[in-house]
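Participant: Please find the sequence and the predicted model below.
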Amino acid sequence: MNQIKVFAPATVANVSCGYDAMGFALSELGDNMVFKKTETKVVRITEIHGADLPFEADKNVAGVVAKLMLQHSEADFGLDIKIQKNFKPGSGLGSSAASAAGTAFAVNELLGSKYDHLQLTKFAMQGEVAACGSAIADNVAACIYGGFILVRSYEPLDIVPIPTPSELVATIIHPQIEIKTEDARKVVPETIPVKTAIAQWANVGGLISGLYAGDFDLIGNSLIDYVAEPQRKLLIPHFDEVKEAAIKSGALGVGISGSGPSMFALSKGMFMAKQIAEAMHAIYEKSGIDYAIYVSNISKTGARPI
Ligand code: ADP
């Protein structure tokens, strides 16, 4: 195989109570990437469409991950990489993770499937280091495994894929404002009372059980975040209104995607998900803020060839 074209899904990390430990992949929103083997052992980003990102291989997460994997596997080829971004970086939908995980998946295919999902996640996490300074796993793992994942542990890295009911649909709104990652981090409390921790981990248990059992009421009742959302939502215009309107339109729950500003709602079935999208439109079209709305199934697979 000399060339591969892949789809790398957008991902929702945190998932309310699953703050810093859960994520899921979308099937209808993501980036396209093309990887072509070259004879020189050089990694080049030759085209980027849809976003203003660095072409230098050491500054673009795709280049960082590709170089690392070619080195690790002692490959005798180089790569030309084309990137088509279909959603904006800084949205809270795992833009850098899509490039990092898409690259990990594609390079592995070109190497003849040398590595497993866990090892690919570790490579992609190095892309996250280049993008934001820390080796965060939730977005890249969701992008590689697909569906819902739980990052159970970092040392050692343990990623647990969680079965997802096929009728579960996500509605996402991306208000196009900038939230600095450091601001989003600063507002999360460094310590929480044990009472809060108990409420949070009880909901994580509920969410995981609900996903396993396909129990939509349990999923909805568990989608509560006592740790990050109470402060982070203050950085997102109209968060409470969007949440209330989405729930009135049938959402099981609503939360912040990653560190925002995107918000996600989960619901049962496409009809309801589209109604929720309408309710989100109604609030944001009056706001004067640019926004994009997406409705998507949960991706059963992670990054995949197209
Ligand atoms: P979010 O998860 O909110 O979408 P990211 O964590 O993806 O945001 O952060 C994007 C950051 O990563 C930007 O500073 C961007 O310049 C950097 N970056 C480097 N390479 C890429 C890439 N290939 N795709 C997206 N972002 C990249």
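Facilitator: Happy to help now that I have it. None of these values were measured; they are calculated from a predicted model.
Participant: what does stretch 225-241 contact?
Facilitator: With contact meaning C-beta atoms under 8 Å, 6 or more residues apart in numbering, stretch 225-241 is reached by 14, 16-17, 19, 175, 177, 179, 183-184, 187-189, 192, 196, 199-200, 255-256, 259-261, 263, 283-284, 287, 289. Any C-beta I mention is one placed from the backbone N, CA and C, and that applies to glycine too.
Participant: Now restrict these to buried residues only.
Facilitator: Among these, the ones that count as buried by 16 or more other C-beta atoms under 10 Å are 14, 16-17, 19, 175, 179, 184, 188, 199-200, 255-256, 259-261, 263, 283-284.
Participant: can you tell me which of the contacts of stretch 225-241 are in helices?
Facilitator: For the contacts of stretch 225-241, membership in helices holds for Asp183, Ala184, Thr196, Ala199, Gln200, Ile283, Tyr284, with DSSP state H as the criterion.
Participant: show me the contacts for the third one.
Facilitator: Going back to what we said before, that points to Thr196. Tyr226, Val227 are the contacts of Thr196 under C-beta under 8 Å, 6+ apart.
Participant: For whatever residue of the stretch 201-306 of the chain ends up closest to the ligand, grab phi and psi.
Facilitator: Nearest residue of the stretch 201-306 of the chain to the ligand: Gly258, at 5.1 Å (C-beta to the nearest ligand atom). With angles defined as degrees, to the nearest 10, Gly258 sits at phi 60, psi -130.
Participant: ok, Tyr226 to Ser134 distance?
Facilitator: Plainly put, Tyr226 is 23 Å away from Ser134 if you go by C-beta to C-beta, to the nearest Å.
Participant: the more surrounded of the two?
Facilitator: Set Tyr226 next to Ser134 and count neighbours by other C-beta atoms under 10 Å: Tyr226 wins out with 18 against 11.
Participant: That one should be in a strand, yeah?
Facilitator: No: Tyr226 is assigned coil when assessed by DSSP: H, G, I helix; E, B strand; the rest coil, not a strand.
Participant: ok so, going back, list just the nearest of the ones in helices among the contacts of stretch 225-241 to the ligand.
Facilitator: When the ones in helices among the contacts of stretch 225-241 are ranked by distance to the ligand (C-beta to the nearest ligand atom), Ala184 comes first, at 9.1 Å.
Participant: ok, the spatially closest residue to the closest one that is not a sequence neighbour - contacts?
Facilitator: Nearest non-adjacent residue to Ala184, counting by C-beta to C-beta, 6 or more residues apart in numbering: Ser259, 3.6 Å away. By C-beta under 8 Å, 6+ apart, the contact list for Ser259 reads Asn14, Gly92, Ile179, Thr181, Ala184, Arg185, Arg232.
Participant: Would you confirm that the fourth one contacts Ser134?
Facilitator: It refers to Thr181. No: if you go by C-beta atoms under 8 Å, Thr181 and Ser134 don't touch, sitting 9.8 Å apart.
Participant: State the distance from the residue lying closest to Ser73 once chain neighbours are set aside to Ile81.
Facilitator: Spatially, and ignoring its direct neighbours in sequence, Ser73 is nearest to Leu111 (5.4 Å; C-beta to C-beta, 6+ apart). Applying C-beta to C-beta, the value for Leu111 to Ile81 is 15 Å.
Participant: Could you tell me which residues of the stretch 1-150 of the chain lie near the ligand?
Facilitator: For the stretch 1-150 of the chain, the residues in contact with the ligand (C-beta under 6 Å from any ligand atom) are 53, 60-62, 83, 89-96, 99, 131-132.
Participant: Does anything pack onto the one helix or strand in the chain whose mean pLDDT sits lowest? Which helices or strands?
Facilitator: Least confident element among the helices and strands of the chain, by mean pLDDT, DSSP states H and E: helix 181-186 (a mean of 86). The helices and strands touching helix 181-186, judged by 3 or more C-beta pairs under 8 Å, 6 or more residues apart in numbering; DSSP states H and E, number zero.
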